[in-house]
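*Asks:* give me coordinates for this.
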Amino acid sequence: MRRIRNERGMVLLVVVILVALLSAILVDQTYRQLIDLRLVETFRDRTKAYYLARGGLKAGQAVLNEDKNSYDALPENWAQPLEGVQVGQGTISLRMEALDGRYALNRLVTVQGNVDVIERDRLLRLLTELEIEAPDERVATILDWLDPDSDTRIGGAESDYYQSQPLAYPARNGPMDSLEELQRLRGFDKELIEKIRPHVSIHGSYAINLNLASREVVLSLHESVTEAEWEALKEKRQEAPLEKLSDVRELLGWEPIYLSIKPQLSVSSNIYRILVEGRVGRGIRRMEAVYVKNNGTVLTQKAF
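*Replies:* Now for the predicted structure:
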């Protein structure tokens, strides 16, 4: 009798163990299915968000193409950011920046591989105004990174320096792809890049849009530009945008330097950075493009 009870106890124990194992397997399978479902939903939402972001880029380009007046300034429609605009099942956020009010680093070296002396001097004055340590060395380093040769300037760095580093790489010897690329240059760190970021870009026009340029960029245009002239310019554009270059001449005079720096001056923009974020459910996709308004060219475009 005791033996029968023991056998029944063993059977019950086995049954309990089997139920526990089956329960664990069931829970695991349910969890895996839930994870798979979440992954599918996230992929679906991210795909939808991607196409929303692409649509946002096209919308931004359309807004810029409709802006046909003779000037570009911050009070205009293109400069007003859009946040969380409902589109179908998702939302779009859109922001556009004109790059022509900033110093364009890639213009330091011409397409023929020669140094643009005017641009070099402007950058040196800009870094000096920003109180960057050893500005002449920073300029030399950027020039060595951009120019096609392997000759190291005083204070600069070429491939032989970069190849000797723990993570070896050559100098670009060509135009930069992004401002973050400066981190690869000798003497440039994140703190320095953040300090110059509001005043420089990779892409941009030769002529600086005075409706958008910072104090430091304006003062870098020529060694004769004064603080008082910057204050007058700032006050004027706070009242109303500069609509033509003659407004600048009438306001500041800038004689006799006006004629010499006139090619460097503008009150309009042509090159813009368009930043878009699309959101659908759990999916988020962002896109960025650099757009040339006068011919509809997209210089760069990336999704992340």
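
*Asks:* residue contacts, the nearest residue to residue 275 once chain neighbours are set aside?
*Replies:* The shortest distance from residue 275 to any non-neighbouring residue, by CB to CB, 6 or more residues apart in numbering, is to residue 95 (4.7 Å). Bear in mind the C-beta positions are built from the backbone N, C-alpha and C, glycine included. Taking CB atoms under 8 Å, 6 or more residues apart in numbering, we find residue 95 in contact with 81, 82, 274, 275, 276.

*Asks:* local confidence estimate at the second one?
*Replies:* If I follow you right, that is residue 82. Residue 82 is assigned 93 on the pLDDT scale.

*Asks:* so how many other residues sit close to the nearest residue to it once chain neighbours are set aside?
*Replies:* Computed as CB to CB, 6+ apart, the closest residue to residue 82 that is not its neighbour in sequence is residue 94, at 4.4 Å. By the criterion of other CB atoms under 10 Å, residue 94 has 21 neighbours.

*Asks:* dihedrals phi and psi, residue 94?
*Replies:* Dihedral angles of residue 94 (phi, psi; degrees, to the nearest 10) stand at phi -140, psi 130.

*Asks:* sec struct for the residue nearest to residue 275, please.
*Replies:* Following DSSP: H, G, I helix; E, B strand; the rest coil, we place residue 95 in the strand state.

*Asks:* that one and residue 232, how far apart?
*Replies:* Residue 95 is 30 Å from residue 232, where distance means CB to CB, to the nearest Å.

*Asks:* same check, this time on residue 290
*Replies:* Distance, residue 290 to residue 232, by CB to CB: 32 Å.

*Asks:* higher neighbour count, these two?
*Replies:* Just comparing residue 290 and residue 232: by other CB under 10 Å the higher neighbour count belongs to residue 290, 20 against 14.

*Asks:* what strand or helix carries the more buried one?
*Replies:* If you go by DSSP states H and E, residue 290 is part of strand 283-292.

*Asks:* buried stuff in that strand?
*Replies:* Neighbour counts over strand 283-292 (16 or more other CB atoms under 10 Å) mark 283, 284, 285, 286, 287, 288, 289, 290, 291 as buried.

*Asks:* nearest spatial neighbour of the fourth one, skipping sequence neighbours?
*Replies:* In other words, residue 286. Spatial nearest neighbour of residue 286, chain neighbours left out: residue 277 (4.9 Å); criterion: CB to CB, 6+ apart.

*Asks:* pLDDT score for residue 31?
*Replies:* 52.

*Asks:* got a list of what the residue nearest to residue 82 touches?
*Replies:* By CB under 8 Å, 6+ apart, the neighbours of residue 94 are 56, 59, 60, 81, 82, 85, 274, 275, 276.

*Asks:* wasn't the first one part of a helix?
*Replies:* Translated: residue 56. Yes: assigned with three-state DSSP, residue 56 falls within a helix.

*Asks:* how about it: what's its closest non-neighbour residue?
*Replies:* Of all residues not flanking residue 56 in the chain, residue 276 sits nearest, at 3.5 Å (CB to CB, 6+ apart).

*Asks:* and what of the third one?
*Replies:* On the basis of CB to CB, 6+ apart, the spatially nearest residue to residue 60 that is not a chain neighbour turns out to be residue 274, at 4.1 Å.
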